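S.K.: sequence below, structure please.
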Amino acid sequence: MLGGTSTSETLTADYADNTTGVVNVEGARDIMLYVTYAPKTGETNRVLYMQVETGPTTSDLYLLTLEEDTATSGTTENKTYTRSYTGAVGGTSYARSFSLGDIIAVGLRISFKESGTADFGTVKLRILYNA
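M.R.: You can find the predicted model right below:
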């Protein structure tokens, strides 16, 4: 299961197929996500996408968004909080950590998808936080 300590899961092209269970992070501080991504050997230019959902309960979740400045209009708009590895090469293992910091939420769910239509790679996720 995603979010465990040592199990890698095979990806698909749909977030719904690659989702953690909802983690109760009420009162958590310093939330860290540790992601290891390995595209399937022989594949090139793959992209792994990660999205984060939080909410006031474990059953009422919303996409976490970021505010970004748009260069063309000079305004600030909300963007979906996604992180991606772009152009990943098969047979290589990519490991990164992401800090969510101190979020005020009860429920947390992390989902992944990979670009492509076949021969998907794997992902492993660990979620650590101070209670």
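
S.K.: just want the most central residue of the chain.
M.R.: Taking Cα atoms, centre = their mean, the centroid of the chain lies closest to residue 50, which sits 2.9 Å from it.

S.K.: paired strands for the strand or helix carrying that one, with orientation please.
M.R.: Assigned by DSSP states H and E, residue 50 belongs to strand 46-55. Using DSSP bridges, strand 46-55 pairs in its sheet with strand 62-63 (antiparallel), strand 82-88 (antiparallel), strand 107-114 (antiparallel).

S.K.: please name the bridge partners of residue 110.
M.R.: Under DSSP bridges, the beta-bridge partners of residue 110 are residue 52.

S.K.: from residue 88, how far out is it?
M.R.: 18 Å (Cβ to Cβ, to the nearest Å). All C-beta spots, glycine's among them, are computed from the backbone N, C-alpha and C.

S.K.: same check on residue 121?
M.R.: 8 Å.

S.K.: hmm, residue 47 and residue 86 touching each other?
M.R.: Yes - counting by Cβ atoms under 8 Å, residue 86 touches residue 47, with 5.1 Å between them.
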